[in-house]
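Visitor: Provided below for reference: sequence and predicted model.
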Amino acid sequence: MWNCLIIKQSLLLTLLISAVSLAADNFDPVQTISRTRQWKLLLHMEKKEDLSESRIDSPRFFLNKKGKIDPDKELKSTLIKFRKKIKGDVNKHPLCRFPARRMFLEKTLKLKFQNIYCKDFENWKKGVDPKGIALIFASSYPNNPASMFGHTFIRFKKGKRENDLLDYGASFGAMVDGSDNPVLYAMKGLFGQYRAGFSLSPYYQKVNEYAQIESRDLWEYELKLEKSEIDLILAHLWELYYNAWFDYWFLDENCSYTLAALLNVGNPTWNLVEDHKWFVMPHDVVKRVTREIPLRSVKFRPGVKKVLEQRIKYLNEKEKKDFENLIKNKKVKNERITSLDTALDYFNYKKMKAKGRLTKQSKKLYRKLLKRRARRKESSPLVLVSSQNRPETGHQSSLLSLGMAHDKEDLFFEFSNYQIFKDWTDTDMGYEPFSRVEAFGLEVEAGDERITMKKIEFISVTSHTPLNTIDPGASWEVNSNIKRVSDYRCDYCMAINLEGKIGISFMNKNKSLFSVLAGGFTQVAKDLPDGHSAGWIATSRIGHAANKKLKFYLEGNIKSDLANKSSQWILGSTAGMTIGLERLGDIKINSNLSKTKDGREVIVHKLGMYFYY
């Protein structure tokens, strides 16, 4: 009976494979299956076009030499090699290397391939033992250029378990040379010079890395999935983990896009990766996943720094003063337990940030406080951290804006388009307060019967890291663009502009900002003296978010050229307000004043509509 079944299945496979040679007007089952979206998702050919290329770059992933560009040939070779007799290590057999392909083909063709036990895969699967999957979003980490947009990975839930830290997390990332500096890393990432792949590690390691050491908030979106979808996603993760590597592209083939492509394998009716822009941001992937897949739950895990900040906010004046004296090793009379616990949390944060290393003096004080705490029986109040600013509630990452402006003489219109845009003057729903990232944009001005270019943006980033007792970190800003220069020596010419600033920022409950930054700049344009200018620049900013939909701001700049004898200075200031329109966009109203050394003074009033897509 069993032999008859084997003969029937072999005959069916033979008929399927030989069908490729039939006339074009006959039904071709291999081509029909190979053109399905599910098969293309398994090969990472996510584009809608019939003729697309897999994003996977390792030859080992394909069972046909032309499988990277030809899904028909890859399917035919898969069917042939799945029938191959076992020789040597069974774990190297295609049926063990590609369990997700096997699941798809057996379901589609309604047949069973030879029954073999894949020990490596089964042991790996048993260790992960998933009963659910959660998408994890880690908030931005401005000290690392790879994470200034945030990061995503997935967590495999092991069912009803008291300690979810014992689950496993899977992430996709570049295989980085530890000797590369941040600038080299960013350049290599932009131009696909790293290999990338999937890695699997205990979830507590992920929490320790992101929430503890880097103090990043974690949002955990548990997806409502069927068991068959979970099994298929895990099986495909094995295929990628065991067989594949990718060229890593910082803007599109990055962690978020590839993670979305992995999840999409679970159900081809989801639209997680089609119709994407030429770059992919983690916020956008979170929005799309939560829109396409129902959620079981959403959990917020605040970073250790945010918990400490919230604990300090709970202290009254005496408790706060006691806390500051404790961490300075000063005597405190009648110390309260809240001050002592906050001081211990402070040293725990410092220890985490330094990856377990404290100075000799801090270590001695920490132990002293621990001994003091051991003699106290009372407990501090529970600290609750707000979880309202969920990343999927923020606006999309691309901008299209239309504006109208006028000065004393003219009325003109402005148009801008940015592929990545979040300004510090925007409403902050879904983003870090007063954050700024602008990349790959252009600004055009139309008026006086002509159209002129104002700016071509490369990438500009501002980190308003607040200065406080916890962490005396510095704020910083970098700008790189080609923009129109207001300079009497180069009347509105276009110049390559590079700026770098460092300074301090203060925030009050994430609603108000005061920041001062200073640094240097250089500009290159043929009409400038000697073809360039360079000098110092200083910026001050004040911002206040009255509520989620209304923000007021004031910015002042002073810039001085020191590179040429005919020196130039420019003063500028902007005052305005932003009215949020939920995810659709913002309305911005502002006035700009600029004054130059030669006495020119220009005042411009603007009204702009900002649409995000």
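Guide: The structure has been received and is ready for your questions. Numbering: from 1, shown residues only.
Visitor: Return the set of buried residues in the strand ranked longest in the chain.
Guide: Assignment by DSSP state E gives strand 490-508 as the longest strand of the chain. Residues of strand 490-508 classed as buried by neighbour count (16 or more other Cβ atoms under 10 Å): 490, 494-495, 497, 499, 501, 503-505, 507. C-beta coordinates here come from the backbone N, C-alpha and C atoms, glycine included.
Visitor: Keeping just the C-alphas, turn it into PDB.
Guide: Output in PDB follows, covering the C-alpha atoms of strand 490-508 (Å, rounded to 0.1, in the frame of the first residue of the first chain):
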ATOM      1  CA  CYS A 490      27.500  85.800  -3.500                       C
ATOM      2  CA  ASP A 491      24.000  87.100  -4.100                       C
ATOM      3  CA  TYR A 492      21.600  84.200  -3.600                       C
ATOM      4  CA  CYS A 493      24.000  81.700  -5.200                       C
ATOM      5  CA  MET A 494      23.800  77.900  -4.400                       C
ATOM      6  CA  ALA A 495      26.500  76.600  -2.100                       C
ATOM      7  CA  ILE A 496      27.400  73.300  -0.700                       C
ATOM      8  CA  ASN A 497      26.900  73.600   3.000                       C
ATOM      9  CA  LEU A 498      28.200  71.500   5.900                       C
ATOM     10  CA  GLU A 499      27.500  72.300   9.600                       C
ATOM     11  CA  GLY A 500      28.300  70.700  12.900                       C
ATOM     12  CA  LYS A 501      27.200  71.900  16.300                       C
ATOM     13  CA  ILE A 502      27.300  70.800  19.900                       C
ATOM     14  CA  GLY A 503      25.600  72.200  23.000                       C
ATOM     15  CA  ILE A 504      23.100  71.700  25.800                       C
ATOM     16  CA  SER A 505      19.400  71.400  26.000                       C
ATOM     17  CA  PHE A 506      16.900  71.500  28.800                       C
ATOM     18  CA  MET A 507      13.400  70.000  28.700                       C
ATOM     19  CA  ASN A 508      10.500  70.300  31.100                       C
END
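Visitor: now that strand, how far from the chain's geometric center?
Guide: Distance, stretch centre to chain centre, for strand 490-508: 24 Å (Cα atoms, centre = their mean, to the nearest Å).
Visitor: That one - contacts with which helices or strands?
Guide: strand 475-487, strand 512-524, strand 532-547 (3 or more Cβ pairs under 8 Å, 6 or more residues apart in numbering; DSSP states H and E).
Visitor: got those as TSV, with distance to residue 103, mean neighbour count and mean pLDDT columns?
Guide: Listed next are the helices and strands packed on strand 490-508 as TSV, based on distance: least, Cβ to Cβ, whole Å; neighbours: other Cβ atoms under 10 Å; pLDDT from 0 to 100:
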stretch	distance to residue 103	mean neighbour count	mean pLDDT
strand 475-487	48	19	90
strand 512-524	52	18	96
strand 532-547	50	17	95
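Visitor: Tell me which of those strands lies nearest to residue 334.
Guide: strand 512-524 (33.6 Å; Cβ to Cβ).
Visitor: so the longest strand of the chain versus strand 475-487, what angle?
Guide: Interaxial angle of strand 490-508 relative to strand 475-487 (axes from the mean of the first three to the mean of the last three Cα atoms, to 10 degrees): 160 degrees.
Visitor: Could you report the separation of the residue nearest to residue 453 when sequence neighbours are not counted from residue 611?
Guide: Spatial nearest neighbour of residue 453, chain neighbours left out: residue 444 (5.9 Å); criterion: Cβ to Cβ, 6 or more residues apart in numbering. Here residue 444 is placed at a distance of 16 Å from residue 611 (Cβ to Cβ, to the nearest Å).
Visitor: Tell me the one of the buried residues of strand 490-508 nearest residue 159?
Guide: Checking these against residue 159 with Cβ to Cβ, the nearest one is residue 507 at 41.0 Å.
Visitor: List the residues that contact that closest one.
Guide: Applying Cβ atoms under 8 Å, 6 or more residues apart in numbering to residue 507 gives the contacts 433-434, 464, 466, 513.
Visitor: Give me the subset of those lying in helices.
Guide: Among these, no residue falls in helices (DSSP state H).
Visitor: Columns distance to residue 83 on top of those residues, output as a markdown table?
Guide: A markdown table is the format used below for the contacts of residue 507 (distance: Cβ to Cβ, whole Å):
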| residue | distance to residue 83 |
| --- | --- |
| 433 | 59 |
| 434 | 61 |
| 464 | 61 |
| 466 | 63 |
| 513 | 66 |
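Visitor: min pLDDT across those residues, which one?
Guide: Of all the contacts of residue 507, residue 466 carries the smallest pLDDT score, 89.
Visitor: That one and residue 432: what is the separation?
Guide: Computed as Cβ to Cβ, the residue 466 to residue 432 distance reads 11 Å.
Visitor: where does the chain have low pLDDT?
Guide: Low-confidence segments of the chain (pLDDT under 70): 1-28, 47-51, 142-146, 161-162, 182, 275-276, 487-489, 491, 565-567.
Visitor: thinking again about what came up before, return the member of the contacts of residue 507 nearest to residue 248.
Guide: Closest approach to residue 248 among the contacts of residue 507 (Cβ to Cβ): residue 464, at 29.0 Å.
Visitor: From start to finish, how long is stretch 249-260 in a straight line?
Guide: 15 Å (Cα to Cα, to the nearest Å).
Visitor: how about that stretch: buried residues?
Guide: Quick answer for stretch 249-260 (16+ other Cβ under 10 Å): 249-251, 253-260.
Visitor: out of the residues you listed, who's nearest residue 418?
Guide: residue 251 (13.4 Å).
Visitor: any idea how far the closest residue to the closest one other than its chain neighbours lies from residue 264?
Guide: The shortest distance from residue 251 to any non-neighbouring residue, by Cβ to Cβ, 6+ apart, is to residue 279 (3.7 Å). Residue 279 sits at a distance of 18 Å from residue 264 (criterion: Cβ to Cβ).
Visitor: Pull the number of nearby residues for the closest residue to residue 223 other than its chain neighbours.
Guide: Spatial nearest neighbour of residue 223, excluding adjacent residues (Cβ to Cβ, 6+ apart): residue 293 at 4.9 Å. Neighbourhood size, residue 293 [other Cβ atoms under 10 Å]: 21.
Visitor: so how far is residue 225 from residue 293?
Guide: Taking Cβ to Cβ, one finds residue 293 at 7 Å from residue 225.
Visitor: Residue 53 - that's part of a helix, no?
Guide: No. Applying DSSP: H, G, I helix; E, B strand; the rest coil, one finds residue 53 to be coil, outside a helix.
Visitor: Who are the contact partners of it?
Guide: 45, 68-69.
Visitor: could you measure it against residue 234, distance?
Guide: When distance is defined by Cβ to Cβ, residue 53 is 26 Å away from residue 234.
Visitor: of the buried residues of strand 490-508, closest to residue 133?
Guide: Checking the buried residues of strand 490-508 one by one against residue 133 (Cβ to Cβ), the nearest turns out to be residue 507, at 35.5 Å.
Visitor: in the sheet, who's paired with that closest one?
Guide: residue 513 (DSSP bridges).
Visitor: Dig out what residue 483 forms beta bridges with.
Guide: Residues in a beta bridge with residue 483, per DSSP bridges, are residue 455, residue 495.
Visitor: thought residue 236 was touching residue 43?
Guide: No. Assessed by Cβ atoms under 8 Å, residue 236 is found out of contact with residue 43, at 10.6 Å.
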